[in-house]
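>>> Sharing a sequence plus its predicted fold:
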Amino acid sequence: MRKSNYDKQPSTHIEGKVIRGWDSIVETLSAAWADEPVWVVDLYSGTYEEDFIEAFSKTGRQIIDTRSLMRPEQELRQLTERFMTDDVLFGYMSNIRLEEYFGPIHNSQLTIHNDRPCIVIGSGAAFVAQKLHDLTISRFDNLTISQIDKFKKSHFHDSTFSSFHFTFPTVYADMARWEIQQRFRRHEVKALGIDNRDDSPSVQYKRGYFNDWNILDRYKDELMQSGSIQFWIDSNRRDEPKMITDGQMRQGLERTSQKPFRVVPFFDPAPWGGQWMKEVCDLPREEVNYGWCFDCVPEENSLYLEGDGTLFELPSQDVVLAHAHQLLGEQVWHRFGKSFPIRFDFLDTIGGGNLSLQVHPTNEFAYKEFGLPYTQDESYYLLDAGEDAVVYLGLKEGIDKVQMIEDLRAAQRGEILFDAEKYVNKLPAKKHDHYLIPAGTIHCSGANSMVLEISSTPSIFTFKLWDWARLGLDGKPRPINVERGKHVIQWNRTTPFVKREIANHFEVLHEEPGIKEERTGLHPNEFIETRRHTFSRPVEHDTKGGVNVLNLVDGEAAVVESPSGAFAPFEVHYAETFIIPACVGRYVIKPLGGECMTIKASVRV
């Protein structure tokens, strides 16, 4: 194994200091907003709400908890039932808006006294603050016309008194989804409007993925576009909350969207997990294994902004929300909106076991059953492989599909061990192989493989067909989805199709001394194009108006530079995934210390 130079804390620099600790945060806001009658502290789901209430109660202001103003929990469960479904893993993408969580808000619920200003805290706090107009009107009884006009001009966007939109001072507390998931596993945080802490982590995640995060991302996007947020809080580390100004936040997001950058990777064990990432990524050796690494999934990963040596963590989705056009490019944005369409992650089975035998839903099935605009097409790029590494891919010729489904059902009941090699091709795999997996293709990475998975973004829509008779990390069988899988398996993708179209389809596009460019995929059914460059001297690239995602799949390090000096040189190391925003245009990658190899993904337009 090589010595690790993998950077686990990539960041974008911002000017100014990061405010640290609740006392300093409250002190700063008290000085900035001393004369403001109403403060808004809006929270993403997964925050420790009690910490915010405790910290801001020290101001002596009246605290209005938005959770207390939401509709009864039973009503909210009924509202979201059609999106949650009764499935343990899968729901349907919600189109609920946050205001639907609140019933009529009456004056008696929001009594504010002139001598005791208030702080509205919780998810939807800015929305609740807007509802304060009824109370505000009642306070105008003792004011002169000039005082009313002055209040309106300082607190409302809209000059029409009956339809104003409040601009009360707002601080937004965002959350990294990876940290939210850790809190789910510890049963520590509530869902949006619902206390589901006793649910299993998978059910909590399902509510977040299909319902809460969709609702709150739309709402957060509206707040960001409105310009009403003045400060941002990072409470991902409970013992060290941090705050920056909205100006610092916008500076960080803008800088990120105009240069090469990396998201903050996260690692997780798996029932089949291996040992490769421990060494290459320098991870704690005491862990049993690491199976997963999300190295570029902006909807799940974080970004670090660094100010005066302090890291401020925020969801990397925020840069997509704030700068979709610059980041994705006009054509990619037109097709996908504010959704980052390319995903890079690692699957480590070196010293581990086989992944589950699985299949992903077709576009038609994904839209009909889950409300997804596109499905999880993918590919396996082999970063490394043992001598006995294999990939299971596609069906064998002449199999009996009815019998195969019956065998899968019997295996699910524990009556037999499913004979995967009877039905599925088992292909020897080696380092730098690339296997393409359009949706509907049965597949599985075998043991002793280090896979860079290059795919479209949807990340949980895997129908496990056979899990090798093992238990999950929680000691329970993992959910099997034979009945869904049988509807999406493409039975015509047999051995000839695999060899002809999806196993190691390399095409040399350009070759000269020190540079070789190859097309490695993906399949024509998939919207992602992949190019591999092997180079011992600088190689020129061009985003051509669309976002690029790359990984340094061989070589110690390389540096990304702008021919025009538009951004500072950006160094990348072995196995690191990095993003080149569409607006960058032309860029050059130079090897450092010997020959290098990159794999680059872009969206076909």
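That came in fine, so what should we check first? Computed from a predicted model, the values in this text were never measured in an experiment.
>>> Every contact and neighbour count from this point should use C-alpha atoms.
OK.
>>> Tell me how far stretch 262-269 lies from the chain's centre.
11 Å (Cα atoms, centre = their mean, to the nearest Å).
>>> try stretch 534-552
23 Å.
>>> in that stretch, what's buried?
For stretch 534-552, the neighbour count (16 or more other Cα atoms under 10 Å) marks 534-539, 543, 545-552 as buried.
>>> Low-confidence bits of the stretch 501-605 of the chain, can you list those?
Across the stretch 501-605 of the chain, nothing is flagged by pLDDT under 70.
>>> According to the record, where do the domains of the protein fall?
12-132+168-250, 507-603 (automatic domain parsing).
>>> after the worst-scoring helix or strand of the chain on mean pLDDT comes which helix or strand?
Of all helical and strand segments in the chain, the minimum by mean pLDDT, DSSP states H and E falls on helix 145-155, at a mean of 49. The helix or strand immediately downstream of helix 145-155 is strand 170-174, counting by DSSP states H and E.
>>> element containing the residue nearest to Arg478 when sequence neighbours are not counted, please.
Among residues not flanking Arg478 along the chain, Gly472 sits closest, at 5.6 Å (Cα to Cα, 6 or more residues apart in numbering). Under DSSP H and E, no helix or strand contains Gly472.
>>> what residues are up against Gly472?
270-271, 478 (Cα atoms under 8 Å, 6 or more residues apart in numbering).
>>> okay if I get the domains of the chain as TSV plus distance to Pro341?
Below are the domains of the chain laid out as TSV (distance: least, Cα to Cα, whole Å):
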stretch	distance to Pro341
domain 12-132+168-250	16
domain 507-603	8
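>>> which one of the ones you listed lies closest to Asp419?
Of all those, it is domain 12-132+168-250 that lies closest to Asp419, at 25.9 Å by Cα to Cα.
>>> What is the end-to-end distance of the closest one?
Counting by Cα to Cα, to the nearest Å, you get 12 Å between the two ends of domain 12-132+168-250.
>>> got it, and stretch 447-463?
Using Cα to Cα, one end of stretch 447-463 lies 20 Å from the other.
>>> can you pull the buried residues of it?
447-458, 461-463.
>>> Mind checking which of those are in helices?
Assignment to helices by DSSP state H places none of the buried residues of stretch 447-463 there.
>>> between those residues, which is nearest Arg197?
Nearest to Arg197 out of the buried residues of stretch 447-463 is Phe461 (Cα to Cα; 23.9 Å).
>>> okay but the closest one is in contact with Pro361, surely?
Yes: Phe461 lies in contact with Pro361 (Cα atoms under 8 Å); the separation is 7.1 Å.
>>> Show me whatever sits in contact with both of these two.
375-376.
>>> Secondary structure element for Leu372, which one?
Short version, using DSSP H and E: Leu372 is in no helix or strand.
>>> What is the burial count for the residue lying closest to it once chain neighbours are set aside?
In space, and not counting its chain neighbours, Leu372 is closest to Ala366: 5.5 Å by Cα to Cα, 6+ apart. Ala366 is flanked by 19 other residues according to other Cα atoms under 10 Å.
>>> coming back round to it: looking at the domains of the chain, which is nearest to Thr495?
Closest to Thr495 of those is domain 507-603 (Cα to Cα; 15.7 Å).
>>> Quick check: end-to-end length of the closest one?
Using Cα to Cα, the end-to-end distance of domain 507-603 comes to 18 Å.
>>> And for stretch 430-438?
Using Cα to Cα, one end of stretch 430-438 lies 21 Å from the other.
>>> just stretch 493-501 next, same as before
10 Å.
>>> Quick check: Asp199 vs Gly545, distance?
From Asp199 to Gly545 the distance is 44 Å (Cα to Cα).
>>> the strands in the stretch 101-250 of the chain, which residues?
In the stretch 101-250 of the chain, the strands defined using DSSP state E, counting those that start in this stretch lie at 118-122, 170-174, 229-234, 242-245.
>>> so Leu91 makes contact with Met84?
One thing to correct before we go on: residue 91 is Gly, not Leu. Yes: between Gly91 and Met84 there is a contact under Cα under 8 Å: 4.7 Å.
>>> Common neighbours of the two, please.
206-207, 210.
>>> Same list, those, but as a markdown table with neighbour count please.
Compiled in a markdown table, these are given as follows (neighbours: other Cα atoms under 10 Å):
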| residue | neighbour count |
| --- | --- |
| Lys206 | 22 |
| Arg207 | 26 |
| Phe210 | 21 |
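>>> Take those residues and keep only those in helices.
Members of those lying in helices (criterion: DSSP H): 206-207.
>>> Quick one: closest of the strands of the stretch 101-250 of the chain to Tyr44.
From the strands of the stretch 101-250 of the chain, taking Cα to Cα, the stretch that ends up closest is strand 170-174, at 5.3 Å.
>>> what pairs with the closest one, and is each one parallel or antiparallel?
strand 38-43 (parallel), strand 229-234 (parallel) (DSSP bridges).
>>> Check which element follows the first one along the chain.
Heading C-terminal from strand 38-43, the first helix or strand you meet, by DSSP H and E, is helix 49-57.
>>> Quick one: mean pLDDT for stretch 88-104?
Averaged over stretch 88-104, pLDDT sits at 93.
>>> What lies in contact with that stretch?
69-71, 76, 80, 82-85, 124, 127, 193, 202-203, 206-207, 210-211, 214-216, 219, 369-372, 461.
>>> With just CA atoms, put that stretch into PDB.
Output in PDB follows, covering the C-alpha atoms of stretch 88-104 (Å, rounded to 0.1, in the frame of the first residue of the first chain):
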ATOM      1  CA  VAL A  88     -39.500  -0.200   5.000                       C
ATOM      2  CA  LEU A  89     -37.100   1.500   2.500                       C
ATOM      3  CA  PHE A  90     -38.900   3.300  -0.300                       C
ATOM      4  CA  GLY A  91     -41.400   6.100  -0.300                       C
ATOM      5  CA  TYR A  92     -42.600   8.600  -3.000                       C
ATOM      6  CA  MET A  93     -41.000  12.000  -3.500                       C
ATOM      7  CA  SER A  94     -43.100  14.600  -1.600                       C
ATOM      8  CA  ASN A  95     -44.500  17.700  -3.100                       C
ATOM      9  CA  ILE A  96     -45.800  19.100   0.200                       C
ATOM     10  CA  ARG A  97     -44.900  22.700   1.000                       C
ATOM     11  CA  LEU A  98     -43.800  23.800   4.500                       C
ATOM     12  CA  GLU A  99     -46.800  26.000   5.100                       C
ATOM     13  CA  GLU A 100     -49.000  22.900   4.900                       C
ATOM     14  CA  TYR A 101     -47.500  21.900   8.200                       C
ATOM     15  CA  PHE A 102     -49.000  24.800  10.000                       C
ATOM     16  CA  GLY A 103     -52.700  25.400  10.800                       C
ATOM     17  CA  PRO A 104     -54.200  28.800  11.300                       C
END
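>>> Please point out which parts of stretch 292-308 sit buried.
292-307.
>>> okay, how far is it across that stretch, tip to tip?
32 Å.
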